[in-house]
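[1] predicted model and sequence below, questions to follow.
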Amino acid sequence: MKSVKDIMSPLEHCLSPTNTLEEAINIMYSQKWNTVPVTNHSGKLIGVFTRSSMYQMILSDVSKDTPISDYIKKAVGTVLEDVDSELLETMIAKSRVGTGIIINKSGKPVGLFTKANAVMNYVKETQILKSQLEKVMDTSNLGAIMTNEQGKIIFANEKCAEMIGRPMNEIIGEDMEAFIPPFSKRDDKRESHFPLVLYKQHYIVRLSKYSIDEEKEGYIALFQNVSELEKLSAELESQKKWETLLKSVIHNAYDGLVMINEAEEITFISPSLTELFELEQGLKEKTKIDMVLPHLKLSQVMNTGVAEVSDFMEVKGINYLVHRIPVYQGEKIIGAIGKIVYRQLHEVREAFKSAEDGQKETSKREGMEKSRFTFNEILSNDKQMDKLIRSGIKAAKSKTTILIYGESGTGKELFAHALHSSSMNSKGPFITVNCAAIPEHLLESEFFGYEDGAFTGAKHKGKIGKFDMAHGGTLFLDEIGDMSLSIQAKLLRVLQEREFYRVGGTERIKVDVRIITATNRPLEKMVAEGTFREDLFYRLNVISFEIPPLRKRKKDILLLSESFIQEFNRQNGTSITGWEPLFEQAIMDYDWPGNIRELRNVWERAMIFAENGKVRLEDLPDYVLKKAGYDIFLQEEEEVSELPLLEKAEQFAIQRALEISGGNKSKACILLGISRSVLYDKLKKYKMPLLKE
Ligand SMILES: Nc1ncnc2c1ncn2[C@@H]1O[C@H](COP(=O)(O)OP(=O)(O)OP(=O)(O)O)[C@@H](O)[C@H]1O
């Protein structure tokens, strides 16, 4: 901001009241001033001597030696030297006084400010502004034209001349219409935009009106060359097309693709992959790959820098084929790409199978059957089972004989495996004999083996028995309740003496074998009935475990179901992710007489028929549906009187409530949360039989 001090004419002379007319005229003449400040002896302003004061003295015919004291004008307008110059200019423009006296803070005059000063300052500033504007216009990328009210060009910048291809002096004075053909068609809007093609170049023109004075208006036109932009946008467009094409290739060619940057943050992930691993929720900007897909081990290739092609990865029982590829920029690793294939994995499955077969073959050659399960693999959420497992872990450490009770399919053999795995003999063999499956006359040779020629007329070579095989490990005798009394006696002897003879042999064979037995028969009752030896029973029953049936640990149904999904997905290469609500209700309501084995079989079957990744009610076998009372949902429409699904469910709920309450309608109403009158209406509606109150 400029102050008055910067633009005033500094004061070199002042008058005092004692100065004469002649002295005053001399100063006015030499300085070309109309007004001269008059100060007192201390230099303070007391008035001014003006050109009219001078005329007055001359007209009064006073001598030129007369002091000016009587002709000083005392009423003087003063302005402080620090005042903003623009403010003073407005004051002067409005004032009738042509000269202002500028004083400092102590009241001493320091300068004069005349209208001429104001004009000069204005002109100077306008010139500066003009040259600045011209500079801006010439260095700008915009072409600029200005017209008068007739549309004749009065200004054009260098850029504009360049655009039009003619020298500037030729443009000035021309009609703007000559260069901007649509100009004449412009409407009366103060401002408009329109495209224009000039000499094959594309422009956007911004045309606006400006006021010349109160009545006249001219135009300002600004041209922006957009040819480059258009080229860029065409390139962008084709890049976008490529991107779309690439994306669809990525989505269709590979099952899942993920890219990470140097910081191991995900920069791209294909929708199929987010869907597959249900990642949507966990994905945020800059998510680290190992936070959401640790099993992919993509960060691994960032460290090694070596691509890993066709690795296998298993997640939730499903097999995937994974390729991990590091991305290099020069020598530097700047990221990695993970490619996951999970469809059409027949070949992969084959590879797995042959690997598995190979492994089995090796263990066969090693000549021993290894225990396959540990206590960790006995899945259960049941308290009673928990207790059994804890006791099992303790019991496994001793060499004591263990008897496992339980209905068929409850997991007795699994428990026996787990006992072996936790025992001190876990490195030794685990040999199973199903006493019910081997014919009575062969059981002895199966247990103890036989010598060469033991069987008359037979070409048999000698064979070692299961006791021999189990040496140093565990012999698991399943279905122990199905043995004959004579075999029971022989078994008792081995248990007591820890030695036996082969069939047809004379040599005593000593063995170190841990015996675990299992049965679903009531041994105590059999002892009472005389079909099972009491002494053997006590020998076997040193420690016993009773595995509860599945119907008594309903919580385990869903836990086991989850594990079967994973097992069969892995086995069949399917991608089943869960089940429908009605399916769950049905399996929870069913009694599972065949226990876990039955549940496992039902799952194996259901997963073959499942659709859309979910197991449905209709994938259950008919006998389960019937026994659980869910067949009603699957009956043909006409059989259930065309009831919509909700009504079927309602009918089913009423039927179940009446069953649970033993036909007591008041209790059924409480269970259903409805009033008796509503229940009666429903019974009538569904034509259901009235049961007892
Ligand atoms: N807790 C469990 N967790 C996972 N799988 C189990 C469990 N219990 C049993 N199973 C599975 O259920 C099936 C039946 O188990 P198992 O053969 O051990 O039962 P069992 O009681 O010995 O039957 P049986 O009396 O008919 O010989 C097997 O496939 C087994 O793997």
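    Received, thanks.
[2] how about the contacts made by Asp619?
    The contact partners of Asp619, by C-beta atoms under 8 Å, 6 or more residues apart in numbering, come to Phe583, Arg605, Ala606, Met607, Phe609, Ala610. Quick note: C-beta positions are derived from backbone N, CA and C, even for glycine.
[3] which of those residues come close to the ligand?
    With C-beta under 6 Å from any ligand atom as the criterion, no member of those is in contact with the ligand.
[4] just flag the most distant two among the residues you listed.
    Between any two of the contacts of Asp619, the greatest separation by C-beta to C-beta is 12.5 Å, found for Phe583 and Arg605.
[5] who's more crowded, these two?
    Higher neighbour count among Phe583 and Arg605: Phe583, with 21 against 16, using other C-beta atoms under 10 Å.
[6] which residues sit against the helix or strand containing Asn117?
    Taking DSSP states H and E as the criterion, Asn117 maps to helix 115-139. For helix 115-139, contacts defined as C-beta under 8 Å, 6+ apart pick out 7-9, 85, 88-89, 92-93, 98-99, 144, 157-159.
[7] in a markdown table, list the residues you listed along with neighbour count and distance to Asn40.
    Shown next, in a markdown table, are the contacts of helix 115-139 (neighbours: other C-beta atoms under 10 Å; distance: C-beta to C-beta, whole Å):
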| residue | neighbour count | distance to Asn40 |
| --- | --- | --- |
| Ile7 | 21 | 27 |
| Met8 | 22 | 22 |
| Ser9 | 17 | 22 |
| Ser85 | 19 | 29 |
| Leu88 | 23 | 25 |
| Glu89 | 20 | 30 |
| Ile92 | 20 | 26 |
| Ala93 | 11 | 31 |
| Gly98 | 14 | 25 |
| Thr99 | 23 | 20 |
| Ala144 | 20 | 59 |
| Asn157 | 24 | 58 |
| Glu158 | 15 | 60 |
| Lys159 | 19 | 63 |
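[8] quick check: end-to-end length of stretch 180-200?
    Distance across stretch 180-200, first residue to last, is 14 Å (C-alpha to C-alpha, to the nearest Å).
[9] for the helix or strand that contains Ser666, packing partners?
    In the assignment (DSSP H and E), Ser666 maps to helix 665-672. Here helix 665-672 touches helix 645-660, helix 676-685, going by 3 or more C-beta pairs under 8 Å, 6 or more residues apart in numbering; DSSP states H and E.
[10] what angle do helix 645-660 and it make with each other?
    130 degrees (axes from the mean of the first three to the mean of the last three C-alpha atoms, to 10 degrees).
[11] what's in contact with helix 665-672?
    Residues outside helix 665-672 that contact it (C-beta under 8 Å, 6+ apart) are Ala653, Ile654, Ala657, Leu658, Ile660, Ser661, Ser675, Arg676, Leu679, Leu691, Glu693.
[12] then stretch 378-396?
    Applying C-beta under 8 Å, 6+ apart, the external contacts of stretch 378-396 come out as 375, 402, 411, 414-415, 418-423, 543, 545-548, 552-553, 555-556, 559-560, 563.
[13] so that stretch, near the ligand or not?
    Yes: contact between stretch 378-396 and the ligand, assessed by C-beta under 6 Å from any ligand atom, occurs at Ile378, Leu379, Ser380.
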